[in-house]
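Q: sequence and predicted model, in that order:
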Amino acid sequence: MSPPAKTDIDLNRAVLILAGAAFASAASFRVCDPFLPILASSFDVSISSAARVITAFVVAYSVFQLVFGPLGDRVDRYHLVAYSTLACTLGSIACGLSPSYGWLVASRALTGAFSAGIIAVGVAWISDRVPLSQRQPMLARFISGQIMGMVAGQVMGGLFVDTLGWRWAFAALALIYLAFGWLLLRQAKIIGTTASPRPPALPGSPFFSVARDLFAVVQSPKAWPVFAAICFEGMAVFSVLAFLPLYLHTQFDISMTKASLALMAYGAGGLVYSSNARRLISHFSVGNLALLGSGSVAISLILLYLVPVWFLAIPVMAGAGFGMYLLHSTILTRATAITETARGLAISLTVSIFFVGQSVGIYAASRVVEKIGIPPIILAASLLIMLVGIGFSTVIKKRQAAAA
């Protein structure tokens, strides 16, 4: 039987601080987007080479999910998030002090590696304390930090590039990481005085136990619908987001600054979902939440294809952001229920597969864009995301009917 939900001020405070760490991680993820021309000039490299500061972070983040997930199943998760956040402070300082381009790329990889110990581990910690029926609203509150960080990272990067310089952006990130790392450590001590002790680790080789957990996760019938849905979700949504500013810039002859407003609106739509998550979940079943989310994204993308003027893309992308985070949160909540004994590994695998889907989607879209342009990508993504929602909803409803 699931333990009762802890909705007291300590849990709310703990999740709020976790959301702050997620904000820092997501901001660090996107902060380099406006840097690329400046970095290329500063270090005398091409734009494509400069993009390695983004690639290094993403690759390290994805790979180290498979380290921090199992680790979180064996140590206190809240402390793990705290130490990971503080390690990102050091990575950000190293980025800001980089004497060479190679040093900067390595420092970004270091930051990405330790950032992998923040969001997925935080999701697992929340899932340990909130029963499944009440979990999605709490996860939505946590994810709001990530959403704001994705938007703030781009804004922060552009602001510092235009004023003090790109190195100061990393100094600001280091301060944010340090502040939330310190708050996390304080909160971890408070939690440690009231939480029940963790069960002792099973005897035997750690590698054997991780392999055993991995086998249990991939054998679970709950796993593959989650893995498939989140992979195709990443493919569909990010194949459009990656080329959205370029599409608006070329289609409507507007500046890239104006075009980026649509991405900000996308993030705002996600915050609208987060603030209304509890209300939505009380009115819709899990299967219908998936349909509502995927339908909102699909309709928004069709409207994006049809808009006659650029500024109409702003409310349209807000609708897409609302739908995407509703669908994503619904899928992620089911990922937390794949297994109780290796929850961290299951969530980390889900996040890694999500990044694989993003990468495949962006690569495939780039090949299509080179040949026939961006509009077909928008229509294809609309169809794919709708199929994701229908497929995931069908599986969930069949499972619920079988359990009834």
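A: That came through fine. Residues are numbered from 1 along each chain as shown.
Q: contacts only, for residue 359.
A: By Cβ atoms under 8 Å, 6 or more residues apart in numbering, the residues touching residue 359 are residue 58. From N, CA and C alone the C-beta is placed, and that goes for glycine too.
Q: how much space between it and residue 129?
A: Going from residue 359 to residue 129 by Cβ to Cβ, to the nearest Å gives 32 Å.
Q: then residue 373?
A: 48 Å.
Q: compare those two and say which is more crowded by neighbours.
A: residue 129 (17 against 14; other Cβ atoms under 10 Å).
Q: ok, that one touching residue 11?
A: Yes: with contact defined as Cβ atoms under 8 Å, residue 129 reaches residue 11; the gap is 6.4 Å.
Q: in what helix or strand does the closest residue to residue 151 other than its chain neighbours lie?
A: Using Cβ to Cβ, 6 or more residues apart in numbering and skipping residues adjacent in sequence, the residue nearest residue 151 is residue 267, 3.9 Å away. Here residue 267 sits within helix 256-283, counting by DSSP states H and E.
Q: next helix or strand past that helix?
A: helix 286-306.
Q: the inter-axis angle of that next one versus helix 256-283?
A: For helix 286-306 against helix 256-283, the angle by axes from the mean of the first three to the mean of the last three Cα atoms, to 10 degrees is 160 degrees.
Q: mind listing what's buried along helix 286-306?
A: 286-301, 303-305 (16 or more other Cβ atoms under 10 Å).
Q: and the strands in this structure?
A: Assigned by DSSP state E, the chain shows no strands.
Q: so, low pLDDT: which residues of it?
A: Counting by pLDDT under 70, the ranges of the chain that qualify are 1-9, 36, 47-48, 193-210, 256, 404.
Q: show the contacting residues for residue 327.
A: By Cβ under 8 Å, 6+ apart, the contact set of residue 327 is 233, 289, 290, 293, 294, 297, 385, 388, 389.
Q: can I have stretch 371-391 written out in CSV, keeping just the CAs?
A: Output of stretch 371-391 as CSV, limited to C-alpha atoms (Å, rounded to 0.1, in the frame of the first residue of the first chain):
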residue,chain,number,x,y,z
LYS,A,371,16.1,19.0,-49.3
ILE,A,372,12.5,20.3,-49.0
GLY,A,373,12.4,22.9,-46.2
ILE,A,374,10.9,23.2,-42.8
PRO,A,375,7.0,23.1,-43.4
PRO,A,376,6.9,19.3,-44.0
ILE,A,377,8.6,18.8,-40.6
ILE,A,378,5.9,20.7,-38.8
LEU,A,379,3.1,18.6,-40.4
ALA,A,380,5.0,15.3,-39.8
ALA,A,381,5.6,16.3,-36.2
SER,A,382,1.9,17.1,-35.7
LEU,A,383,0.9,13.7,-37.0
LEU,A,384,3.6,11.9,-34.9
ILE,A,385,2.7,13.6,-31.6
MET,A,386,-0.9,12.8,-32.1
LEU,A,387,-0.1,9.1,-32.7
VAL,A,388,2.0,9.2,-29.5
GLY,A,389,-0.9,10.4,-27.5
ILE,A,390,-3.4,7.9,-29.0
GLY,A,391,-1.0,5.0,-28.5
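Q: residue 93 versus the closest residue to residue 184 other than its chain neighbours, what's the distance?
A: In space, and not counting its chain neighbours, residue 184 is closest to residue 82: 3.6 Å by Cβ to Cβ, 6+ apart. Taking Cβ to Cβ as the measure, residue 82 falls 18 Å from residue 93.
Q: residues touching the residue nearest to residue 214 when sequence neighbours are not counted, list them.
A: Nearest residue to residue 214, sequence neighbours excluded (Cβ to Cβ, 6+ apart): residue 345, at 6.4 Å. Counting by Cβ under 8 Å, 6+ apart, residue 345 touches 66, 69, 70, 73, 210, 213, 214, 217.
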